[in-house]
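> With the sequence up front, the predicted model follows.
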Amino acid sequence: MNNTPLHLRVFLSSPGDVAKERRAAREVLDSVQKQPLLRGRVSIDAISYDDADAPSPMAAGETPQESVNRFTGRPSECDLTVVIMWSRLGTPIPPEVRRADGSQYESGTVWELEDALQAKREVWVYRRTEVPSIELNDPKFEQKRTDFAAVERFLQQFTNPDRSLKSGCNTYARAADFARLFEKHIESFVRKRFELQAAAPASTQPAPASAGNAKSDADLTISRFSGRRVRPLSGYPVLSNPQTGALVHTGGAQVSFTLAHNGAGRQSINLLGLKLELVRFTPGAQASLDYAIEGSEIQGAGVARPHVFSISLHGNKVGPATWVTVGRSGRTAVARSANFFDTEDPQLLTFSGDRSDIEELQGTVLTQQNGLYEFRFVFDYSVGGVDRQQVTDTLLVYFDE
């Protein structure tokens, strides 16, 4: 029997007219993994461009679909894709993005659905059957009728000419009915995954890590960025992008990570490196940004002696990380390369399979040249001698003196 904790990635795909259902889906996914019988046995990541804790930034140099794919991940990389539709098919994507046969995708939502299907991933389609209410004097009356008709045509692929079902489409009457239906479905999905995992013979269990790309069950757990793990510098406001809702810290940001062994397998884990990767720097003033609510305080794991660093960004240049050395009054350790841990007295953080080793990193990132900075952190580590890497969500910081 395989008792490895189950980890699932669920991609939420939909046009913008089903915001209530998207919010309900995220709440259901969060509540299911907290049920008493499932707590600690399953974790579910909701991959969603409008996630309040990890919103997908929309980069100026690429299409919105490309930004979503880059910052949140593709449906083909997820265990399950949930597509929700009602009165709109979604936003058109550039004509150069086409199917293999040369035909154009009807919308980003359609592209996401087909991306998952082509990868032979599980896909669920939901449709609200409530007829949209349109005022006769609505200036967008004809456009809304056209949008609704496009959805109807698209969903015809799920039925045969005699109206018998060709493939599955889950229907519900009103937005308020979606959560109850989706909760039943996701609980069945999780239960089936546990059954398959328990029934898998020994020959199909993951093999121990070895040279190459094989992976063992043991892995490093790194806390995700959220409002609890990123806070603004004292006295600096937090801005937002009105189009995406992404938070933008000004001047810099304070971050924290909690690191631990995931408890699966007995291989030890060595943290070899940490570096800041500057994804994009856009110089100059960003007039489109608006004020938002300040972030909350950093809440780490409560480790008595966290490892504390600071680092500065100046345009496209990333400065060396500086560490506060515990027990060495007045002294600091400065990294000699892009790897934060490459100091004269290098640190090596290790994590054992009994989860007794918990480390916390806290740091301050400062910006020193006018512009918008998009960056993330990259962790390099080894499990049983095999090198691996994890990349954090992207953070946005704006500097304007």
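Cool, got the structure.

> what about stretch 387-401, start to end distance?
41 Å (C-alpha to C-alpha, to the nearest Å).

> Please apply the same query to stretch 366-376.
Span of stretch 366-376 from end to end, C-alpha to C-alpha: 14 Å.

> residues of that stretch that come out buried?
366, 367, 369, 371, 372, 373, 374, 375, 376 (16 or more other C-beta atoms under 10 Å). All C-beta atoms are positioned from the backbone trio N, CA, C, and that covers glycine.

> Now for the fifth one: which residues touch it?
Counting by C-beta atoms under 8 Å, 6 or more residues apart in numbering, residue 372 touches 248, 280, 281, 282, 286, 396, 397, 398.

> Repeat that for the last one.
For residue 376, the contacting residues are 276, 277, 279, 391, 392, 393, 394, 395, taking C-beta under 8 Å, 6+ apart as the criterion.

> of all those, which two lie farthest apart?
276 and 393 (13.3 Å; C-beta to C-beta).

> on that earlier part again, will you turn the buried residues of stretch 366-376 into a markdown table that also has distance to residue 154, pLDDT and secondary structure?
Below are the buried residues of stretch 366-376 laid out as a markdown table (distance: C-beta to C-beta, whole Å; pLDDT from 0 to 100; DSSP: H, G, I helix; E, B strand; the rest coil):
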| residue | distance to residue 154 | pLDDT | secondary structure |
| --- | --- | --- | --- |
| 366 | 49 | 94 | strand |
| 367 | 45 | 94 | strand |
| 369 | 47 | 91 | coil |
| 371 | 42 | 90 | strand |
| 372 | 37 | 90 | strand |
| 373 | 40 | 92 | strand |
| 374 | 34 | 90 | strand |
| 375 | 39 | 93 | strand |
| 376 | 36 | 92 | strand |
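
> Can you give me the domain assignment for the chain?
Domain assignment for the chain by automatic domain parsing gives 6-204, 220-399.

> before we move on, the earlier item: and which of the contacts of residue 372 is nearest residue 263?
residue 396 (33.1 Å).

> where does the stretch 1-150 of the chain dip in pLDDT?
Along the stretch 1-150 of the chain, segments meeting pLDDT under 70 span 1-4, 50-72.

> residue boundaries of the helices in it?
19-32, 64-72, 108-118, 141-155 (DSSP state H, counting those that start in this stretch).

> Kindly state which of those helices is positioned closest to residue 78.
Per C-beta to C-beta, nearest to residue 78 of the helices of the stretch 1-150 of the chain: helix 108-118, 7.1 Å.
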